[in-house]
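J.: Kindly return the folded structure for what I paste below:
(4 chains)
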Number of protein chains: 2
Amino acid sequence: MTNPPSPTTAPLPDFLPPALCALAREQSLTRGETLFRRGQRPTRVFFVAAGEIHLLRHGVHGQAVIFQRSAAGSFLAEPSIDSPGYHCDAVAVAASRLRVFPLADFRSALDADPAFARRWRLFLAREIRRLRGRAERLAMRSVRERIVHYIECEGEDGMLSWSGELKALAAELGVTHEALYRALARLAADGLLERAPGCLRLIGSGRL
Amino acid sequence: MTNPPSPTTAPLPDFLPPALCALAREQSLTRGETLFRRGQRPTRVFFVAAGEIHLLRHGVHGQAVIFQRSAAGSFLAEPSIDSPGYHCDAVAVAASRLRVFPLADFRSALDADPAFARRWRLFLAREIRRLRGRAERLAMRSVRERIVHYIECEGEDGMLSWSGELKALAAELGVTHEALYRALARLAADGLLERAPGCLRLIGSGRL
DNA sequence: CGTACTTTTGAATCGCATCAAATCTGGTGG
DNA sequence: CCACCAGATTTGATGCGATTCAAAAGTACG
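T.: Alright, predicted model coming up:
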């Protein structure tokens, strides 16, 4: 948070056709505002530039069942690009800014522009890869395992650049920050991890 | 395992163009066999018809770091469809049967056939949705929460048809089967869940 | 009936969440 | 420059819930 009032801002991916980008308009949401509701026919594609949107349903007891938390940088409801109806509600849990594309134009750009379609597929496929890794990691029992897995998967050759706060890393790993601190300290004490500002590196006795 | 030797078999999705399917050949892998290695240029697209393939890298200590476990019914390495090189190794952890498509033909079918491209995007997007829900669920602390979330997300209106074994459900939820049995028993005892063969239903006092 | 498996229950242990508090840090204003 | 505040970071103590190991009961199948 070095910027005065605005939260993290994410730019649009670079592979969107300029003609499509030109059709995008801006939309702002206040905290708590609803973007769309389950069952509505999708007519737009959203990109979260800032803030956070939750996709959720209401369970049988009325409680919120969160499907997905989309922070800045995500496209929202890609599934709906080719779907007849939203499968859940979308609510801003923080003041948010969106880029909004007309769905029909987004679809026809994908149909008409093979290069864009290819990049879009690549984009989706990368997301799948990241999510599969994340799910694999979250199924691990211990914090230590998750840390190692994260560095191996998301880092380069056992080295992870991590500019943000460790609390955010803890959230990504699905553990409390206290548990993360302790596990990092023990990994370092065991000589398996090197900690430097903005960087975590696994120590391999024998590099494979 | 009711079938004598063959494990679960999954059919190809129905939306693959017949011309493309005609180009597919079969491949069998024995347990432990390697399908491809990291860095190799992808030349084929794989569909796992039976068995299970693990995508993994070797960590700095030589241990296997599993990115993804792909059971029957998954396409393998979709990310690589538009990538210059595999990002990990693929190893069969059980005897497996694959349908193998030439990558170039798969790609050009996607480029040339907008209907197929649309279905493929939908396929990827559904996968993303499922995985996001799964990750959200795996980040939950208690088994009880995970069960409820799973039924709400994957079931219909608080009711989940589950034909397989509960052990498989436990694996999906990322907990031991003992923990799952106990949590189900307590949910039922608390009057929040109804158990029937092949079916789990949440009891909502007030249906919302 | 016997085997192999799932389902279920029991008891002991361990790791993480939780609550609490101390330290450190960067930024603000007097 | 220092006092002060808000936040991240770190350490401590405690309890709970899941894992683990173990074993019994139920079930499908030959």
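
J.: Could you find the closest non-adjacent residue to A:Ala49?
T.: Of all residues not flanking A:Ala49 in the chain, A:Arg97 sits nearest, at 4.6 Å (C-beta to C-beta, 6 or more residues apart in numbering or on different chains). In short, each C-beta sits where N, CA and C put it, glycine included.

J.: partner strands of the strand or helix carrying that neighbour, parallel or antiparallel?
T.: Taking DSSP states H and E as the criterion, A:Arg97 maps to strand A:96-102. Strand A:96-102 sits in its sheet next to strand A:25-29 (antiparallel), strand A:44-50 (antiparallel), going by DSSP bridges.

J.: Residues touching the helix or strand following the shortest one, excluding its own?
T.: This means strand A:25-29. Counting by DSSP H and E, the next helix or strand C-terminal to strand A:25-29 is strand A:34-36. Strand A:34-36 is contacted by residues A:29, A:42, A:46, A:53, A:76-77, A:86, A:89-92, A:98 when judged by C-beta atoms under 8 Å, 6 or more residues apart in numbering or on different chains.

J.: Please pick the buried ones from these.
T.: With burial judged by 16 or more other C-beta atoms under 10 Å in any protein chain shown, the buried subset of the contacts of strand A:34-36 is A:29, A:42, A:46, A:53, A:76-77, A:86, A:89-92, A:98.

J.: ok, which stretches of chain A are helices?
T.: Assigned helices in chain A, in chain order: A:18-21, A:103-112, A:114-138, A:143-154, A:166-173, A:177-189 (criterion: DSSP state H).

J.: Any residues of chain A in contact with DNA strand D? List them.
T.: By C-beta under 7 Å from any atom of the strand, the residues of chain A that approach DNA strand D are A:141, A:165-167, A:177-178, A:181-182, A:184-185.

J.: rewinding a little: export the strand holding A:Arg97 as CSV, just CAs?
T.: Output of strand A:96-102 as CSV, limited to C-alpha atoms (Å, rounded to 0.1, in the frame of the first residue of the first chain):
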residue,chain,number,x,y,z
SER,A,96,-13.6,-2.2,-6.9
ARG,A,97,-13.0,-1.0,-10.3
LEU,A,98,-13.9,-3.1,-13.3
ARG,A,99,-13.3,-3.1,-17.1
VAL,A,100,-16.5,-4.2,-18.7
PHE,A,101,-16.6,-5.8,-22.2
PRO,A,102,-19.8,-6.6,-24.1
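
J.: List the buried residues in it.
T.: A:96-101.

J.: again with stretch A:153-171
T.: Buried residues in stretch A:153-171, defined by neighbour count with 16+ other C-beta under 10 Å: A:153, A:155, A:158, A:160, A:162, A:169-170.

J.: Single out the most deeply packed of the strands paired with strand A:96-102.
T.: Per residue and on average, the most neighbours among the strands paired with strand A:96-102 fall to strand A:44-50, with a mean of 22 (mean count of other C-beta atoms under 10 Å in any protein chain shown).

J.: what about A:Val131, distance to A:Thr30?
T.: If you look again at residue A:131, you'll see it is Leu, not Val. A:Leu131 is 29 Å from A:Thr30, where distance means C-beta to C-beta, to the nearest Å.

J.: What parts of chain A come near DNA strand C?
T.: A:2, A:141-144, A:174-176, A:178-179, A:183.

J.: least confident pick among the contacts of strand A:34-36?
T.: Lowest in pLDDT among the contacts of strand A:34-36 is A:Ala77, which has 67.

J.: circling back: wait, isn't the residue nearest to A:Ala49 in contact with A:Glu52?
T.: No. Look at A:Arg97 against A:Glu52 with C-beta atoms under 8 Å: they stay out of range, at 11.1 Å.

J.: Spatially nearest residue to A:Ala183 (excluding sequence neighbours)?
T.: A:Val143 (4.1 Å).

J.: residues near that neighbour, how many?
T.: Neighbours of A:Val143 under the rule other C-beta atoms under 10 Å in any protein chain shown: 21.

J.: Likewise for A:Glu178?
T.: By other C-beta under 10 Å, the residues close to A:Glu178 number 9.

J.: From A:Ala196, how far out is it?
T.: 22 Å.

J.: Please apply the same query to A:Pro102.
T.: From A:Pro102 to A:Ala196 the distance is 47 Å (C-beta to C-beta).

J.: again, but for A:Arg99
T.: Counting by C-beta to C-beta, the gap from A:Arg99 to A:Ala196 is 36 Å.

J.: That's all I had, so thanks and see you.
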